[in-house]
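[1] Sharing a model that was predicted from the sequence below.
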Amino acid sequence: MGTNGLVNLLFVLILLAVFGISLFILPRFMLKRAMSQVLRVFRVHGSLSKENAKTVEELGLKSHSFMERFMKPRDYKPYAIQILARQGILCQTEDGRFYLSEEKLNELLQQKKLPL
């Protein structure tokens, strides 16, 4: 194999590495970051109990419209909200408002069941 063949092989390997990073590692990092941002928003707005629960719109975490999603980079916060709610960290009231359960968050962090 000549020098050109080695350069081409190296180029393909680098492309595969970049593709792998962008496909597997970057979304996981972005989701982890979004989860931290969502938790911070709940704390800043004081939505830490059923009495202080707020809607996603009040918290500024509303999903973007189709055109906004088309024009901006992917927003991982709505997916982070779903995951946190499924884990019981974000609790939903009967009328659709959310609040953060610090107890459940601390419990899952101690058990290392949450990637934060």
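    Perfect, thanks for sending it.
[2] List the first helix or strand encountered after the helix or strand bottoming out on mean pLDDT in the chain toward the C-terminus.
    In the chain, no helix or strand scores lower on mean pLDDT, DSSP states H and E than helix 66-71, which sits at a mean of 70. Remark: after helix 66-71, the chain's next helix or strand is helix 77-86, criterion DSSP states H and E.
[3] Check which residues of whatever helix or strand comes next after that following helix are buried.
    Scanning forward in sequence from helix 77-86 by DSSP H and E, the next helix or strand is strand 90-92. For strand 90-92, a neighbour-count test (16 or more other Cβ atoms under 10 Å) marks Leu90, Cys91 as buried. In short, each C-beta sits where N, CA and C put it, glycine included.
[4] mind listing what strand 90-92 pairs with, with the direction of each?
    strand 98-100 (antiparallel) (DSSP bridges).
[5] Touching the strand it pairs with from outside, list them.
    When contacts are defined by Cβ atoms under 8 Å, 6 or more residues apart in numbering, strand 98-100 is touched by residues 39, 42-43, 47-50, 52-56, 59, 81, 85, 89-93.
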